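Asker: Coordinates only, no sequence provided:
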């Protein structure tokens, strides 16, 4: 299609649209408000999911209880060392902040609070909900800047209402702590790269002490101080360093080791004051957020954004954009500030724990997962395609047409085309990177979803702008049958909706056909109704008079699916999956701490977190009540023999009930009584030994 032909299909400007009537602040509040309304209500009204939420939760509880914000501890199982080195620290800082605000997990608090109080789940999940909203804001910022406000809002909504994204945004796990900052970093980096408004910023002061008098500068400095100063204070005070002086070692505070970061901070602030344009300041904030993403997930936090931008520049061959507005020196300063944000905690951990920490975090949990395989699934390049079908369900019908049409179609606006290509490259690069990893979990493809959301949101905006029902017909022709295939897969049996749980948990690794499904749970009617509405509104877009109604209807159907899965499906399923109810029953039933909880062959972490590690925290090994791995039967029998004449409680996997009863003294077996069996995997019993 020629440029002339393309321009003739664009209708003359219509009246000002709804989004254009709002100020930029009002649009920002609208996007953030929609995100908060989607994710926050009822976030803390159901229990934490094994194993990730409870595993990470216990590490954060240890941090809160010990007051140690450097080392990560997991003294909860005979299978593991007492330390936790498989993930960086950000997730646990966020959870610990939530626990401090909620007043839980602190020394001297009453036992059982994690299981008995609803504040637990609110404290742990809300920070990750907020990071999901941060990602929404980032997508809106970059798309609205170069395409339109409507396209920005639609792109943010597409991402926010994709099941994989919103289910993980409601999970207290590392992935949203990685993807939220990374998405905002890519958005700000794209604005720095693509924005041609290179006006000189007003300045205050004189000479070397002058600085840009602009909100972008003050925001950059504020973000830097927020991200760096608390880290340096913690590392300077809580870390102790042995410094060799005069043939002997002097123990000093960690401030000595942090000197390079103090100097680096001053250098960054100096270079920041030298900025004459907005673009370098946006790039600095983007780099700091990449550093935050590194603290959440490791090298992928910086590596993926760098790969995406490099792939974009390589594909478009638009390297000249780096020669404007101080961008080349800003890239070097950005590398400096990213190190200042990401490195101090890693440095402190190496000082305190040695290179064993580094080898486990980056050798075992980076290199080995990527190149050799560790835990999880294995699979080929198509492994994630099926999961994306469920993961972007409301929008999957539009994805094929959007990806092919938006990238190949000629645009008269270079910046619009740049955003379309950025979204497509983001999606393809993210998908390709996780596909190359030998270790695969369904949720690994999450970083690719924001890029796909940009493509679909801009596609919808373009349909509305051009009233292009021909492409809408093509999208429906491909997409509606695809929706039908996915729906059939989701309603084939009552337990088929478990596939949504597999978007954030890995039950499928241990139970490929799923856990036993409770008879009282059946979500097929709700899914049929909502997916039928999605299909109907997709078809409506193929008629010019119904195009706008169809887009609005599709947006409302996607919101309905979000609420249905987050606030109906998850809350109904949680009592059968989470150990919160099981452990809460134990604390309600026990009369004193002497009535111990015995955990038999349990390694699901919920038993550790919700018991606040009472089952394994005793320094006397013979008093610990976790019986796992080889010798578990003999150890449990020995413990019971040494603690006769009391009531105890036992938590176990339901399939092991008869075996657990056989481990009891013959005279005690008649007192064995199951107290809680609503959970479809674990049971709680009492017995008089």
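Answerer: Looks like it came in fine. This structure is a prediction, so every number in the text was calculated from the model and none was measured.
Asker: so what does the host helix or strand of residue 530 touch, helix or strand wise?
Answerer: Taking DSSP states H and E as the criterion, residue 530 maps to helix 524-540. In this structure, helix 524-540 makes packing contacts with helix 469-491, helix 547-563, judged by 3 or more CB pairs under 8 Å, 6 or more residues apart in numbering; DSSP states H and E. Just so you know, the C-beta spots here come from the backbone N, C-alpha and C atoms, and that holds for glycine as well.
Asker: Just the angle for that helix relative to helix 469-491, thanks.
Answerer: Inter-element angle recorded for helix 524-540 and helix 469-491: 170 degrees (by axes from the mean of the first three to the mean of the last three CA atoms, to 10 degrees).
Asker: And the residue nearest the centre of this protein?
Answerer: For the chain, the residue lying nearest the average C-alpha position, counting by CA atoms, centre = their mean, turns out to be residue 176 (1.6 Å).
Asker: how distant is the helix holding residue 530 from the center of its chain?
Answerer: Distance of helix 524-540 from its chain centroid, counting by CA atoms, centre = their mean, to the nearest Å, is 28 Å.
Asker: just stretch 600-615 next, same as before
Answerer: 24 Å.
Asker: start to end distance for that stretch?
Answerer: 11 Å (CA to CA, to the nearest Å).
Asker: Could you give me the buried positions within that stretch?
Answerer: Buried residues in stretch 600-615, counted by 16 or more other CB atoms under 10 Å: 600-615.
Asker: Sitting in helices, which of those residues do you find?
Answerer: 606-610 (DSSP state H).
Asker: okay, these in a markdown table with pLDDT next?
Answerer: Below are these laid out as a markdown table (pLDDT from 0 to 100):
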| residue | pLDDT |
| --- | --- |
| 606 | 95 |
| 607 | 96 |
| 608 | 96 |
| 609 | 97 |
| 610 | 97 |
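Asker: Residue 269: which of these is nearest?
Answerer: The nearest member of those to residue 269, counting by CB to CB, is residue 609 at 40.7 Å.
Asker: my guess is the closest one meets residue 59, correct?
Answerer: No - Residue 609 is beyond contact range of residue 59, at 9.2 Å (criterion: CB atoms under 8 Å).
Asker: on that earlier part again, so what's the residue nearest to the centre of the chain scoring on pLDDT?
Answerer: If you check residue 176, the pLDDT there is 97.
Asker: Would you tell me what the next helix or strand after the lowest-mean-pLDDT helix or strand in the chain is?
Answerer: Counting by mean pLDDT, DSSP states H and E, the chain has its least confident helix or strand at helix 3-8, which shows a mean of 41. Moving toward the C-terminus from helix 3-8, the next helix or strand (DSSP H and E) is helix 24-39.
Asker: quick check: mean pLDDT across that next one?
Answerer: The pLDDT scores in helix 24-39 average 97.
Asker: Not counting whichever helix or strand comes after that helix itself, show me its contacts.
Answerer: Sequence-wise, the next helix or strand downstream of helix 24-39 (DSSP H and E) is helix 52-66. Applying CB atoms under 8 Å, 6 or more residues apart in numbering, the external contacts of helix 52-66 come out as 48, 68-69, 72-76, 84, 87, 91-96, 99-100, 104-107, 114, 124, 171-174, 504-505, 579, 604-606, 608-610, 612-613.
Asker: what does stretch 197-216 give?
Answerer: In contact with stretch 197-216 (CB under 8 Å, 6+ apart) are residues 217, 270, 272-273, 275-279, 281-282, 324-325.
Asker: chain center to it, what's the gap?
Answerer: Going by CA atoms, centre = their mean, the spacing between the C-alpha centre of stretch 197-216 and its chain's C-alpha centre is 36 Å.
Asker: and if you look at stretch 37-45?
Answerer: Distance, centroid of stretch 37-45 to centroid of chain: 16 Å (CA atoms, centre = their mean).
Asker: What residues sit buried inside that stretch?
Answerer: Buried positions in stretch 37-45, judged by neighbour count with 16+ other CB under 10 Å: 38-40, 42-44.
Asker: Over to stretch 377-385?
Answerer: Neighbour count says stretch 377-385 has 377, 383-384 buried, by 16+ other CB under 10 Å.
Asker: For that stretch, what does the pLDDT average out to?
Answerer: Stretch 377-385 comes out with an average pLDDT of 81.
Asker: Contacts for it, please.
Answerer: 431, 434-435, 438-442, 444-445, 508-509.
Asker: Much appreciated, bye for now.
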